[in-house]
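# what would the 3D arrangement of this be:
(one chain, ligands or ions: 2)
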Amino acid sequence: MNNVPLIDISPLFSDQREHWLPVVDKIDQACREIGFFYIQGHGISSAQLESMFALAKTFFAQPEELKQQMLIANSSNHRGWGSAGAEQLDPSKPSDWKETFDMALDIHPEHPVVKAFPKLYGPNQYGVLPGFQQQMNQHYGLLMSVARRLLKAMAIALQLPDDFFNQYFDDQHTSVLRMIHYPPRPADQVVDDETKAAGAHTDYGCLTLLLQDDVGGLEVCNAQGEWVAAPPVKDALVVNIGDLMQRWTNDFYLSTQHRVRNLAAGVHRYSMPFFVEPRYDTPVTCIPSCITAERNARYPLITSGEWILSRFAATYAYRTQDEG
Ligand SMILES: O=C(O)CCC(=O)C(=O)O
Ligand SMILES: [Fe+2]
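Ligands and ions are numbered 1, 2, ... in the order given. Below you'll find the model as predicted:
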């Protein structure tokens, strides 16, 4: 597959199962062949998406000292603001140049689930921007309802009960809404052809729903190892499979590498990935329909939370320091 397919998911709003099935097939095919697809007809309005870009611009334009008060490194559960350059280990080889903001379900520090798993659950850090908390939470809810339809479609495709995945997305799921700002690099940074705005990686969780602005630069590595552009499509979201879903499906659904090309001088880019991740104690073990005559189960049982934390530890220096 040398392009990222576009799927109209509006039939997933029907309560008649036969309307779902053609869309289920398209999603299933995209997940197996490239692990990436665009969705249209997802029900989130153009005005809502525009308002989120406006919010991101206002948020990241706040003074540095206000953003410092929401520093993600001060959060035990990975919420808040991360500065551009925080992960800059070798200044002669500039890597990702982006600032970020992460939020998820906000759970009181005294709640038992926070006591049990303090690295994934707990409060958000929103700062002081008026209306910010409310708007982020509203958008989080809208994205989660799109994700639930996709998870149901995948359950149908994989011959599971309709709510198989959604049962793990109750009031303790760990999905994260992230806003990203790629600012222009400082003039003294030396960049070469290999420098990317976001280096090649796979996502950790089940699915990612990405909203990107109209700058472009997102690229996806297809099964033949070729980098394919995933340019902005107005009002569409880009959906991709993450490592946890690849593992759950015994490598039938592909968690595909992707990256963002380095930006032209002076250009700002904004994007918003929504990382769809189930509750911590979700048992992830090979789905029966993904065991075939040619393919035994490839991975032992793991909980979603253990998996996500192991991937975090490999990525964020500030987390590994205190984890030894
Ligand atoms: O900014 C983008 O378009 C992609 C971001 C991404 O892949 C990620 O944050 O995982
Ligand atoms: Fe990603």
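
# okay, CA-based contacts and neighbour counts for the rest of this
Fine.

# quick one: contacts for the residue lying closest to residue 185 once chain neighbours are set aside?
Nearest residue to residue 185, sequence neighbours excluded (CA to CA, 6 or more residues apart in numbering): residue 97, at 6.8 Å. Neighbouring residues of residue 97 by CA atoms under 8 Å, 6 or more residues apart in numbering: 84, 85, 182, 183, 185, 197, 198.

# what does stretch 99-108 contact?
Here stretch 99-108 makes contact (CA under 8 Å, 6+ apart) with 60, 78-84, 114, 121-125, 140, 172-183.

# now intersect those with the strands, please.
Using DSSP state E, the subset of those located in strands is 80, 81, 82, 176, 177, 178, 179, 180, 181, 182.

# of those residues, which pair is most distant in space?
Farthest apart among the ones in strands among the contacts of stretch 99-108 by CA to CA are 176 and 182. That separation is 18.8 Å.

# and which of the ones in strands among the contacts of stretch 99-108 is nearest ligand 1?
residue 180 (6.5 Å; CA to the nearest ligand atom).

# pretty sure the closest one contacts residue 96?
No. Between residue 180 and residue 96 there is no contact under CA atoms under 8 Å: 11.1 Å.

# still on that earlier bit, show the buried residues in the ones in strands among the contacts of stretch 99-108.
Listed as buried from those are 80, 81, 82, 176, 177, 178, 179, 180, 181, 182; burial here means 16 or more other CA atoms under 10 Å.

# how about a markdown table for those, with pLDDT and distance to ligand 1 added?
As requested, those are exported to a markdown table (pLDDT from 0 to 100; distance: CA to the nearest ligand atom, whole Å):
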| residue | pLDDT | distance to ligand 1 |
| --- | --- | --- |
| 80 | 98 | 15 |
| 81 | 98 | 14 |
| 82 | 95 | 12 |
| 176 | 98 | 11 |
| 177 | 98 | 10 |
| 178 | 98 | 8 |
| 179 | 98 | 9 |
| 180 | 97 | 7 |
| 181 | 98 | 8 |
| 182 | 96 | 8 |
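
# and which of the residues you listed is nearest to residue 65?
residue 81 (11.4 Å).

# apart from its neighbours in sequence, what residue is nearest residue 219?
That would be residue 229: by CA to CA, 6+ apart, it lies 4.4 Å from residue 219.

# so that neighbour touches residue 3, yeah?
Yes. In terms of CA under 8 Å, residue 229 counts as a neighbour of residue 3; the distance is 7.4 Å.

# name the residue in the two with the higher neighbour count.
residue 229 (19 against 14; other CA atoms under 10 Å).

# who's in contact with the more buried one?
Here residue 229 is in contact with 3, 217, 218, 219, 220 (criterion: CA under 8 Å, 6+ apart).

# so where does the fourth one fall, helix or strand?
Element membership for residue 219, per DSSP states H and E: strand 218-221.

# wait, does that strand contact ligand 1?
Yes. Strand 218-221 lies within reach of ligand 1 by CA under 6 Å from any ligand atom, at residue 218.

# start the count at 863 instead of 1 going forward.
Shifting the count to begin at 863 puts that one at strand 1080-1083.

# show residues contacting that strand.
Contacts for strand 1080-1083 (CA under 8 Å, 6+ apart): 898, 1089, 1090, 1091, 1092, 1093, 1118, 1119, 1120, 1121, 1122, 1123.

# if you rank the residues you listed by neighbours, which is first?
residue 898 (31 neighbours).
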